[in-house]
Each structure stands twice: as C-alpha cells, then as structure tokens.
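> can you look at this prediction? I've put the sequence above it.
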Amino acid sequence: MAGVVICTTFAVTALGVEQNSVWDGDGRRGATESLWGTAGWLAAVLAGGAAAHFAIKRWAPNSNEILLGIVGLLMGIGWVFVARVDALLASEQAVAVLLGCAAIAGTLVAGRHIDWFLSRPGTCGLVAAVLLAAGSFSGGAHVSADAYDPPRQWLDFGSLLSVQPYGLAKIVVVIAACGLTATAPRWLSARWVAHRHAAGAGAAAVGAWVMLIVGADLASSVIVFAAAWLPLWLDGDDPLASDVPTVPRSTRARALSGVIITYAVGVGVLAAVYDRLSAQVHYWLNPWTDADGATVVDAAFAISAGGISGVGPGLGAPQHLHEPHSDFIFAVVAEELGILGGAALLVAFTLLVGVGAGIAQRALGTHRLLAAAATSVIGLQALLTIAGVLRLLPHTVGALPFVAYGQLAMIGNGIAAGLLLAVSDASDASRVESQQLSQGAP
C-alpha cells in the first residue's frame, strides 16, 4: 500500500512539474524530463523498502510491522519531494534512503544481541564523542548572504559528500546513556544504586550541553536531553539487576522536574548572552524587522498560499524557500498539498510515536528505556522541526525525520526505527514463550 501511494504521488508530482514548466527563448525547459528521469531512483527506493521488509521477516518476525509501513511511507514521500525540489538531489536522497533501510536491517541483526551492546556503553560513548567533536568543530554553510541562517554543523568531504554528524550523534548518545543506565548498578556504591538512572541520563546531558554551547544547535540539544531524561518515567524492574529496587515515582518526579527546570534556565541564560542563540529567538518573535528573518517569513507565505487543499503537487514555488529540501521541506509539502497534506504528515508521525510508545510500554527494564528514548528522538525531532517552520517555536537546525534530505540523519533515524522493531520482536517473542510455558504447565 505504501508503494502504491509513493508511486502515485511521484506520477502526479511529475505531471504537475510539467504543467508548471516555464518557457524561455529556446522553448520549454527540461524540468519535466529531469523529474521523470529520476524514476530509476524511485525503483531503488522501493527496492530498499522491500529489502527492509524482508529483513524484518527474517530477523524480527514478531515485531510490529505497522512501524515499518509508516517509516517506509515517510521515506518514499520525502524522496518524491526532495526530487521535486531539485532533481539533481534525487540520486543522493535515494542513496540516503537505501542507507536508512540498511541501518534498519543492520540494527535488527545486532538487536538479537541487544543486551550485549547495552552492557558495553563505552563503545557507543566513544563513537558519540567522535561525532560530537566532528559536528562541533566543522564549518557552517551559508544559505543566503541576505537571509538569517541558523548555525548548521556540516562536515564536508569535498564535492562527493557533505554530512551532518549531529544527525547520527543524537541516537548514539541516547543508546550510550541507556547502556550506562543498565550497567550502573555494577559499579555504583550501595548508597547511590537507587539513583542509577542519573548515570546514563547525566552523561547524555553532557552531550546535550556540548551541542548547545559549542555547536549552538538548540534542537539537537533539546532532543538528546529530553530523550535521555523523560523515558525514566517509564522505568520498571531491571532484568539485568533484579535485586536493585526501583526509584519511587514521586522521587523520580521531583528529580525530573528539577533537572528540566535547571536545563530550561540554562538555555534561557545562554539565549540571552549568546548571539547565535539570541538571534534565533529574536527572529522567532519578530521575523519582519529586517531581511534576516526571511527564512520563516517565506515559509509562512508558502504555507498560506497552499490553503486547505494546496496548489497541487509540482505546482508550488519551492525555489523561493531557503533549504527547501531539508529544513523547510514541511513548507513545501504544506504549499503543494495544503493543510490536509501537512496534517497527514502530522498524523503519520503521531501514529509512529504512538506505536513506539506502545512498544516501550510492553518492554521491560532497560529495553523499555531504550524504546522510549528511540521514540522520543524521532518524535521530538519532528515536533521541533514542524513547530519551527510554523513559527510556534524558534527555527533551529533540524530536518524532518525520514522526509528531509540528509545521509547521516537518515541512518540515525533508521537505527532508532530498527531499535524499536528489535525491542518489539524481543518483547513479543518473550510473551509468546511465556504463554506457551503457562499452557504446558500442569
């Protein structure tokens, strides 16, 4: 069904681009031919989705398949709109989708030994540190000389590849934090065992502050911080250390409230004294003061032009937006598909988060934390990105998960989806085994 929707969207968009083509002195430009010429890459995207489905059948047969359907639909629709914005990016985005599907399959294979990985958080921590360093000290890219450009952490490898390390660092930091939480009772003293949750979440908070202070990436910082701390509310008995009592919910509530308030105050102070962050807040509150607020203003005009049903696939004007293939791809969708199309994306992400939350509720111990953290990474990233485009929150560096252009971001989100599928498979397999044992008992 997802493949049919993706192919239909591509065909209608290509026809819209044909109708929207402009004339010059030499005749009609080749926009239509270039978009139809990307059909081969569409076939590669569909093949990647089929391979991911096969990987689930092979290595996670008991997992929730609805999750893959939603992810595959988002990947395919995202590829169509990236190709519509710039046909030259169709091949790169197709490769990103294939890498995302490969990340899902690889995570499912590794997920069969998920406890082994959780017991070694140092490895993930080292990888996270490398990615944070690469993203923090890489140069920025200017969108336009006359427009406000939020800081972005691109790492350039010549003309062949340009990646954003923070896109992958978010999920790696969270995995390391969950692993540290799982192993904390082994090395914490008896006095601090009851507060073992703060070990992993505290380590993730360090990464969040690095993203905020060094990289000036408010969105990534909030995502990492929230994804590490909020899932602690779901904590239950830890199967890796069943003799360790859990922290009472009231104690966790007080600690969580204090940590969130402290972080919010810190962000407020930095936004007041740090020019790169204060500029984001300034152009959020009043983007019409000068030309530097053009990014969010142009997005507002595009969404307004779309109205309820949109101007039609391929009939919009994404060339007037800044970074329409990444940061503002939601505005492209809302212009061409209208409020209904934008609402459909919101529903898809809401369903994805709901499925992930259900997986987390059925899991146990550290698996529950891991599933909740992976769901939080995807859901919060989508929330902050869409809210920034709609000017409900400051526009910060962020791309819509599975939809926007980006290689490492697609891999990171693929790993998050793979973790959810792996946890779902392990939980359902354990439940089936328990039911069989109970039925066979005298």
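In hand now; what should we look at? Numbers count the residues shown, from 1 in each chain.
> let me see the ranges of the helices in the stretch 201-350 of the chain.
Counting by DSSP state H, counting those that start in this stretch, residue ranges of the helices within the stretch 201-350 of the chain are 218-229, 249-273, 275-285, 294-306, 329-362.
> mind putting those helices in a markdown table, distance to residue 37 and mean pLDDT included?
C-beta: built from backbone N, CA, C; applies to glycine. As requested, the helices of the stretch 201-350 of the chain are arranged in a markdown table below (distance: least, CB to CB, whole Å; pLDDT from 0 to 100):
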| stretch | distance to residue 37 | mean pLDDT |
| --- | --- | --- |
| helix 218-229 | 35 | 82 |
| helix 249-273 | 46 | 78 |
| helix 275-285 | 38 | 77 |
| helix 294-306 | 26 | 88 |
| helix 329-362 | 20 | 93 |
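> deepest in the core, which of those helices is it.
Mean neighbour counts were compared across the helices of the stretch 201-350 of the chain using mean count of other CB atoms under 10 Å; the top stretch is helix 218-229, at a mean of 27.
> from what I see, residue 209 and residue 224 are in contact.
No. Proximity of residue 209 to residue 224 does not meet the contact threshold set by CB atoms under 8 Å, at 9.4 Å.
> show me the one of the helices of the stretch 201-350 of the chain that comes nearest residue 15.
Proximity to residue 15, assessed across the helices of the stretch 201-350 of the chain by CB to CB, is greatest for helix 329-362 (12.5 Å).
> just checking, next helix/strand downstream of that closest one?
Downstream of helix 329-362, the first helix or strand assigned by DSSP states H and E is helix 365-389.
> tell me the mean pLDDT over that next one?
Along helix 365-389, the predicted confidence averages to a pLDDT of 89.
> low pLDDT regions in the protein?
Residues of the chain meeting the criterion pLDDT under 70: 21-34, 135-163, 182, 184-199, 231-249, 251-252, 255, 290-293, 397, 428-442.
> where do the strands of it begin and end?
Applying DSSP state E to the chain gives strands spanning 23-24, 27-28, 155-157, 161-163.
> distance to residue 385 for the helices of the stretch 201-350 of the chain - can I get that in a markdown table?
Formatted as a markdown table, the helices of the stretch 201-350 of the chain follow (distance: least, CB to CB, whole Å):
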| stretch | distance to residue 385 |
| --- | --- |
| helix 218-229 | 7 |
| helix 249-273 | 18 |
| helix 275-285 | 14 |
| helix 294-306 | 11 |
| helix 329-362 | 7 |
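> now stretch 83-90, how far from the centre of its chain.
Centroid separation between stretch 83-90 and its chain, computed with CA atoms, centre = their mean, to the nearest Å, is 21 Å.
> do stretch 213-231 as well
In terms of CA atoms, centre = their mean, the centre of stretch 213-231 is set 12 Å apart from its chain centre.
> need the CA coordinates for it. CSV is fine.
What follows is the C-alpha trace of stretch 213-231 in CSV, where atoms were taken according to Å, rounded to 0.1, in the frame of the first residue of the first chain:
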residue,chain,number,x,y,z
ILE,A,213,27.3,25.6,23.8
VAL,A,214,29.8,24.6,21.2
GLY,A,215,27.6,23.8,18.3
ALA,A,216,24.8,26.3,19.1
ASP,A,217,22.3,23.6,18.0
LEU,A,218,19.3,24.1,20.2
ALA,A,219,17.1,21.5,18.6
SER,A,220,19.6,18.6,18.9
SER,A,221,20.5,19.6,22.4
VAL,A,222,16.8,19.6,23.5
ILE,A,223,16.2,16.2,21.7
VAL,A,224,19.2,14.5,23.4
PHE,A,225,18.4,15.9,26.8
ALA,A,226,14.7,15.1,26.7
ALA,A,227,15.2,11.6,25.1
ALA,A,228,17.6,10.7,27.9
TRP,A,229,15.6,12.0,30.9
LEU,A,230,11.9,11.7,30.1
PRO,A,231,11.9,7.9,29.5
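> not counting sequence-adjacent ones, nearest residue to residue 405?
residue 325 (4.3 Å; CB to CB, 6 or more residues apart in numbering).
> repeat that for residue 310.
In this structure, residue 310 finds its nearest non-sequential neighbour in residue 338, 3.2 Å apart by CB to CB, 6+ apart.
> roughly how far apart are that neighbour and residue 408?
Computed as CB to CB, to the nearest Å, the residue 338 to residue 408 distance reads 31 Å.
> same check on residue 420?
Distance of residue 420 to residue 408, computed by CB to CB: 19 Å.
> who has more neighbours out of these two?
A count of neighbours by other CB atoms under 10 Å puts residue 420 above the other of residue 420 and residue 408, at 31 against 21.
> was I right about that one contacting residue 358?
No. The pair residue 420 and residue 358 fails to qualify as a contact (CB under 8 Å) at a distance of 9.9 Å.
> pull up the overlap in contacts between these two.
With contacts taken as CB atoms under 8 Å, 6 or more residues apart in numbering, the residues that reach both residue 420 and residue 358 are residue 64.
> this completes my enquiry, with thanks.
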